[in-house]
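1. Let's see this in three dimensions:
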Amino acid sequence: MDEDLETIRARKLAELQVHIQGATQKKDVKPFTFTDTSFEVDTRREGVVLVDMWAVWCAPCLRLAPAIEQIARDYAGKVRVGKLNVDENPATPARFGVASIPTLLVFRDGKLVDQIVGAVPRQEIERVLNRWL
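-> Prediction:
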């Protein structure tokens, strides 16, 4: 009987460690950085990609940043989330006609499928993303 309890205890401990490790890895997920140079390659990948076009001086962009980071963690493995600084990379926003920031672009399998302009609530971003998953 004691052997059975030790086996169960060891199995449960192993399960808990896997759960904790997965949660820790998910906590470390952050949006990656797009550049004008990497943009084409990074958005042509299969699946859904969310691009946050922002700038350091943009107060609404800074208010939106925590939601973008949380979405990157929560949608890890389902959506690739990245940020593009429009001041450092002006060609890409010009290419897509981005006139105001923050602007979020949603790509699916390399094609632009949706766009969100402004600092909208996280739920709105998730609603749009879920449409394309």
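2. How about Arg131: what's its closest non-neighbour residue?
-> Asp114 (7.2 Å; CB to CB, 6 or more residues apart in numbering). Placement of C-beta: from N, CA and C, glycine included.
3. ok, Lys30 - how many residues close by?
-> By the criterion of other CB atoms under 10 Å, Lys30 has 14 neighbours.
4. Could I get the contacting residues of it?
-> 69, 72-73 (CB atoms under 8 Å, 6 or more residues apart in numbering).
5. Next step: those restricted to helices.
-> Counted as lying in helices by DSSP state H, out of the contacts of Lys30, are 69, 72-73.
6. Among the residues you listed, which one sits closest to Gly47?
-> Among the ones in helices among the contacts of Lys30, Ala72 lies closest to Gly47 (CB to CB), at 14.0 Å.
7. Buried among the contacts of Lys30? Make that a ChimeraX selection.
-> The following ChimeraX line selects those of the contacts of Lys30 that are buried, judged by 16 or more other CB atoms under 10 Å:
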select :69,72,73
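8. With pLDDT added, can I get the contacts of Lys30 in a markdown table?
-> Putting the contacts of Lys30 into a markdown table (pLDDT from 0 to 100) gives the following:
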| residue | pLDDT |
| --- | --- |
| Glu69 | 96 |
| Ala72 | 97 |
| Arg73 | 96 |
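9. would a markdown table of the ones in helices among the contacts of Lys30 with distance to Asn85 be doable?
-> What follows is the ones in helices among the contacts of Lys30, written out as a markdown table (distance: CB to CB, whole Å):
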| residue | distance to Asn85 |
| --- | --- |
| Glu69 | 15 |
| Ala72 | 16 |
| Arg73 | 21 |
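10. Strands along the protein, start to end?
-> 32-33, 48-54, 79-85, 103-108, 111-117 (DSSP state E).
11. what's the distance between the second one and the middle of its chain?
-> The one in question is strand 48-54. 8 Å (CA atoms, centre = their mean, to the nearest Å).
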